[in-house]
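J.: Compute the structure for the input listed below.
(chains A and B)
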Amino acid sequence: MPVNTAVIGKRYPPFEYEVGKEKVAEYARAVGEDNPVYFDREAARAAGFRDVPAPPMFAVVYSWGSLGAAALDPEVGMNFAMLVHGGQEFEWGEPVCSGDLISTEASVKDVSEKGGMGFYVFETVSLNQEGAEVARGTWTNIVRGVS
Amino acid sequence: MKLELKVTPDKYLPHRYAGASGDFNPIHIDPEFAQSVGLPQNILHGLWSMAQVARACTSAAGGDPRSLRRLSVQFRGMGLPEQEIEVTGEVVEERDGVVVVKAEARQGDNRIIRNAQAEIATPS
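T.: Below is the predicted model of the structure:
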């Protein structure tokens, strides 16, 4: 099945994620962080944060719900059995801390085909409760055997 | 500034990362399922491996999560549990308090992340 380029530019409803202190700690432990700012409120405040900050790559956690809507959209039509996560980019703005309410909106940035492979590029833009951008993600998925 | 990080994910790391991240794709946590779709065994989450590159970046900048401004990676070879990962990287450009670093992550000869590029704010 050929790729559907008509979905380029399609946007999805924002997804809200409330950042919790223990979730940040769980994530930080899983990725091997040991900096006390991720676990200890006092250490975080001493370092100038409102509350414990999330490690930068925690962006995948608060973006996930919004990306899911785009990735699972039947109009986008990605064949998950043949899917590879080809590349990823994040650009970070304001730090994300426990207690923040992050709203993420996903869109289809590009869909193309080359040599029987489909390239699906999604963008997520995450804002905090004050409207400041905290992260912008570019997610590139490659699907084999599209034509 | 140089990136240097070594880490060996244990057998159950993918399960803990699945819980922490919410990504329960069975190719990461179920060896039998992984083999049924042609993989050697359950494989590491690419985004966990990317987090190791991110951690190498913030460590090199003194540990401040605010220092990492941008990170882009390409996922190539698949990463496996119980094998050491080595993240390496070098500064390729320096401007206005920001360094641009080129990095990769390897398991032996298998480059699981390549062409990683990071922008790191240097401590003033």
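
J.: Tell me the gap between the helix or strand containing residue A:123 and the middle of its chain.
T.: Taking DSSP states H and E as the definition, residue A:123 sits inside strand A:117-127. The chain centroid and the centroid of strand A:117-127 are separated by 9 Å under CA atoms, centre = their mean, to the nearest Å.

J.: Contacts for it next, please.
T.: A:3, A:59, A:62-63, A:66-67, A:70-71, A:76, A:78, A:86, A:102-113, A:133-146 (CB atoms under 8 Å, 6 or more residues apart in numbering or on different chains). Every residue, glycine included, has its C-beta placed from N, CA and C.

J.: Only whichever of those are buried, select them in ChimeraX.
T.: Filtering those down to the buried ones (16 or more other CB atoms under 10 Å in any protein chain shown) takes a single ChimeraX command:
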select /A:3,59,62,63,66,67,70,71,76,78,86,102,103,104,105,106,107,108,109,111,134,135,136,137,138,139,140,141,142,143,146
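
J.: hmm, back to that, for the strand holding residue A:123, list the C-alpha coordinates in PDB.
T.: Listed next in PDB are the C-alpha coordinates belonging to strand A:117-127 (Å, rounded to 0.1, in the frame of the first residue of the first chain):
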ATOM      1  CA  MET A 117      10.300   2.300   2.500                       C
ATOM      2  CA  GLY A 118       7.800   4.800   4.000                       C
ATOM      3  CA  PHE A 119       9.100   7.600   6.100                       C
ATOM      4  CA  TYR A 120       6.700   9.100   8.700                       C
ATOM      5  CA  VAL A 121       7.800  12.200  10.500                       C
ATOM      6  CA  PHE A 122       5.700  13.500  13.500                       C
ATOM      7  CA  GLU A 123       6.300  16.600  15.500                       C
ATOM      8  CA  THR A 124       5.200  17.100  19.100                       C
ATOM      9  CA  VAL A 125       5.200  20.500  20.800                       C
ATOM     10  CA  SER A 126       4.900  20.600  24.600                       C
ATOM     11  CA  LEU A 127       4.000  23.700  26.600                       C
END
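
J.: what residues does chain A put near chain B?
T.: A:23, A:26-27, A:29-33, A:35, A:37-38, A:47, A:53-57, A:60-61, A:64, A:81, A:84-92, A:95, A:138 (CB under 8 Å from any CB of the partner chain).

J.: pLDDT averaged over stretch B:77-94, what's the number?
T.: Summarised as a single mean, pLDDT over stretch B:77-94 is 96.

J.: List the buried residues in that stretch.
T.: For stretch B:77-94, by 16+ other CB under 10 Å, it's B:77, B:78, B:79, B:80, B:81, B:85, B:87, B:88, B:89, B:91.

J.: Surely the last one is in a strand?
T.: Yes. Using DSSP: H, G, I helix; E, B strand; the rest coil, the assignment for residue B:91 is a strand.
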